[in-house]
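In: Have a look; sequence and predicted model below, questions after that.
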Amino acid sequence: NEQIYKIIQLYETQQVRHTTMVVGPTGGGKSLILKTLANARLLADNSIVKQWIVNPKAQSLNELYGVMDPITRDWTDGILSKIFREVNQPLPNGRENEVRWIIFDGDVDAVWVENMNSVMDDNRLLTLPNGERIMLQSHCAMICEVFDLQYASPATI
């Protein structure tokens, strides 16, 4: 079955990469593949997969990454910076089998993904506009669930 092959392919890719792109048409089974792999991981290797799903195009860059007030220099987290910080916390005792996925469900384009390029490459480091740096930990992975990569830059792919 083609779907089973895709699930195995995604699993094998995640073993060597911390960021993967799941590409296909709406209704093509991308979300089902992710859900099935998460459930299979529990049965196969007792890994509990926690998922945080973000549509990066549903808000402005400031709402996504955060913003620093130019007058007071107060930092306000964005949706992604808050999730990224939370997901990358050390695993608590007794939950060492937990795997955390940040799923970007929406178009990949140069506007929002530019800040993620250093996370997607071997640096695994998100640098926020306030200068804070957050390392993508080994128990975390990023997944882009997209229709196509038409607007993605070569650096992203």
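Out: Sure, I can see it.

In: right, and the helix or strand after the helix or strand bottoming out on mean pLDDT in the chain?
Out: Using mean pLDDT, DSSP states H and E, helix 110-113 stands out as the lowest-scoring helix or strand of the chain, at a mean of 82. For helix 110-113, the following helix or strand on the C-terminal side (DSSP states H and E) is helix 117-120.

In: Pull out the buried residues from the least confident helix or strand of the chain.
Out: 112-113 (16 or more other Cβ atoms under 10 Å). Backbone N, C-alpha and C define where each C-beta goes, glycine included.

In: Could you do stretch 93-111 as well?
Out: Neighbour count says stretch 93-111 has 99-109 buried, by 16+ other Cβ under 10 Å.

In: for stretch 76-94, same thing?
Out: 77-81, 83-84, 87-88.

In: Next step: these restricted to helices.
Out: 79-81, 83-84, 87 (DSSP state H).

In: out of these, who's nearest Asn130?
Out: Set against Asn130, the nearest of these by Cβ to Cβ is Ser81 (8.8 Å).

In: Skip the chain neighbours and tell me the closest residue to the closest one.
Out: Excluding its sequence neighbours, the residue lying closest to Ser81 (Cβ to Cβ, 6 or more residues apart in numbering) is Gly66, at 4.4 Å.
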